[in-house]
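# Pasted the sequence and its predicted model underneath.
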Amino acid sequence: MVYTPHVVSITSVLRRDEEVFYNTFAENIEHKKNIEVSSGSDKLIVCVDESPNFYDDKKVKRFLKIQEILVEKKVKAKFILDSVFLDESLISASEDVVFINLWRLLSQKLVSKQQNNKKVNFEKKLGLFLPGRIDRFNRLVLLKKLFERNILNKIIWSCHYSLEELNAFTNVRNTWFIDYTDKQWQAFIQVLPNVLDIQNFNKDYFFGCGFPFNHKLYEETIFSIVSESDVEHYARLDYGPATISEKTWKAMLNYHPFILVGNKGSVSKLEKWGYKTFREYMLDPNYNDIESPHKRINTTAKNIENFAKNLIDNKVMVDNDVKHNIQLCKKHCQNEKQMLFNFFSQYNTNLGFGVLDDILLGLIKANPLLKVKN
């Protein structure tokens, strides 16, 4: 029997109201509204989650409920989940689930599809900071620390907000800048508006995913300051997955050494996977192990000050480390593509790598609720 695979993105629905979602999902299965199957169908449903940021066990329970619904309907379903589920022991391994590092795989694919930086630019002395939505705690506060230490002249940064929008951040102003007078606040936000990294925006991509990007920004700088999705929120939970998103992989695949502004343990996680993190070239190499988010960001700012000089002083080792990261990333991606191929081959879907690439790229399309991609 040859199965016709249907790919369903489940990230957005996992964040919706539980009761509405469960009813909608069950109705779609029962009445063939979006998913073209009925009970006992011979079609293969592949439910995919492309988000590495699962903050609590409620979302895991929702996923398990999806499995339960499909089993009850006797629908053959397989799941591709981000490896953070397995890394943090949120969901157990089984024959119905394949775990892959989705953001790494997608980033490698997307970087390869456009022009990108091809070497470490030791002749440059500037860092690159593309924080995107700076209303996030770690991004705006890091800019604050760099501003206070007079380091902004050592980096190229981007801020997509106008002065009017920045002044409207009253909650930010009253929470993270309570030590600033109105005059200090105005002096700070006057320097921020600076749009550098907006290419021809592709509506097929999720907002803020960072693709496509301006490769010249990487060619004009020597390292990246990577502001991951969060540094704080996970600390309020019993477990705190140190997630690595496209932000880190994009910098790495553009031949950039990097300083990572993320959850505690993010740097150690990369090293556990075999990647070089360049912390031996920093004033405080244990910066990412600091418990307090505020102290962690402050120490990161100190590390940035002389990072470029230290990289230039160690050209051979840095160049080797950057090339090691790129080769290891490509090797990991190839292994996971092969694992996906083997996974689908069990069900005689006649899928090849080209089709798998299309499926993976489809994961970051802005799909409506339960939209099926053939």
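Arrived safely. Numbers count the residues shown, from 1 in each chain.

# Specify the local secondary structure of the nearest residue in space to residue 142 that is not next to it in sequence.
The spatially closest residue to residue 142, leaving aside those adjacent along the chain, is residue 297, at 5.3 Å (C-beta to C-beta, 6 or more residues apart in numbering). For glycine as for every other residue, the C-beta is placed from the backbone atoms N, C-alpha and C. Here residue 297 takes the helix state, with states given by DSSP: H, G, I helix; E, B strand; the rest coil.

# The one 4 residues further on too?
When states are read from three-state DSSP, the local structure at residue 301 comes out as helix.

# So it sits against residue 151, correct?
Yes - using C-beta atoms under 8 Å, residue 301 and residue 151 qualify as a contacting pair, with a distance of 6.8 Å.

# list residues touching both of those two?
Common neighbours of residue 301 and residue 151 (criterion: C-beta atoms under 8 Å, 6 or more residues apart in numbering): none identified.

# The closest residue to residue 321 other than its chain neighbours and residue 150, how far apart?
Here the nearest residue to residue 321 in space, its sequence neighbours aside, is residue 276; by C-beta to C-beta, 6+ apart that works out to 3.8 Å. Taken as C-beta to C-beta, to the nearest Å, the spacing of residue 276 relative to residue 150 amounts to 29 Å.

# What average pLDDT does the strand or helix carrying residue 327 get?
Secondary structure assigned from DSSP states H and E places residue 327 in helix 315-345. Mean per-residue pLDDT for helix 315-345: 90.

# The residue nearest to residue 142: neighbour count?
Residues lying near residue 297 (other C-beta atoms under 10 Å) number 23.

# Now do the contacts for it.
With contact set as C-beta under 8 Å, 6+ apart, residue 297 has these partners: 138, 141-142, 145, 231, 261.

# For it, give its distance to residue 189.
18 Å.

# Tell me which helix or strand residue 224 sits in.
Under the criterion DSSP H and E, the helix or strand holding residue 224 is strand 223-227.

# same check, this time on residue 107
Residue 107 belongs to helix 102-112 when elements are defined using DSSP H and E.

# so after that helix, what's the next helix or strand?
Using DSSP H and E, the next helix or strand after helix 102-112 towards the C-terminus is strand 127-129.

# Does anything pack onto that following strand? Which helices or strands?
In this structure, strand 127-129 makes packing contacts with helix 137-148, strand 155-157, strand 223-227, judged by 3 or more C-beta pairs under 8 Å, 6 or more residues apart in numbering; DSSP states H and E.

# what does the first one rub up against?
Spelled out, it's helix 137-148. Contacts of helix 137-148 from elsewhere in the structure, counted by C-beta under 8 Å, 6+ apart, are 129, 131-134, 152, 155, 157, 159, 172, 176-177, 188, 191-192, 225, 227-228, 230-232, 261-262, 293-294, 297-298, 300-301, 304.

# Just the buried residues of it, please?
Judged by neighbour count using 16 or more other C-beta atoms under 10 Å, the buried positions of helix 137-148 are 137-147.

# Export it to PDB, keeping only CA atoms.
Written as PDB, here are the backbone C-alpha positions of helix 137-148 (Å, rounded to 0.1, in the frame of the first residue of the first chain):
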ATOM      1  CA  PHE A 137      13.500  42.000  27.800                       C
ATOM      2  CA  ASN A 138      16.900  40.600  26.800                       C
ATOM      3  CA  ARG A 139      17.100  42.600  23.600                       C
ATOM      4  CA  LEU A 140      16.300  46.100  24.800                       C
ATOM      5  CA  VAL A 141      18.100  45.700  28.100                       C
ATOM      6  CA  LEU A 142      21.300  44.500  26.300                       C
ATOM      7  CA  LEU A 143      21.000  47.600  24.000                       C
ATOM      8  CA  LYS A 144      20.700  49.600  27.200                       C
ATOM      9  CA  LYS A 145      23.900  48.100  28.700                       C
ATOM     10  CA  LEU A 146      25.800  48.700  25.500                       C
ATOM     11  CA  PHE A 147      24.600  52.300  25.400                       C
ATOM     12  CA  GLU A 148      25.700  52.800  29.000                       C
END
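
# Okay, helices next: where are they in the stretch 151-300 of the chain?
When secondary structure is read from DSSP state H, counting those that start in this stretch, the stretch 151-300 of the chain shows helices at 163-167, 170-175, 182-190, 215-219, 246-253, 266-272, 293-305.

# Comparing the ones you listed, which comes out most buried?
Looking across the helices of the stretch 151-300 of the chain with neighbours counted as mean count of other C-beta atoms under 10 Å, the highest average goes to helix 246-253: a mean of 24.
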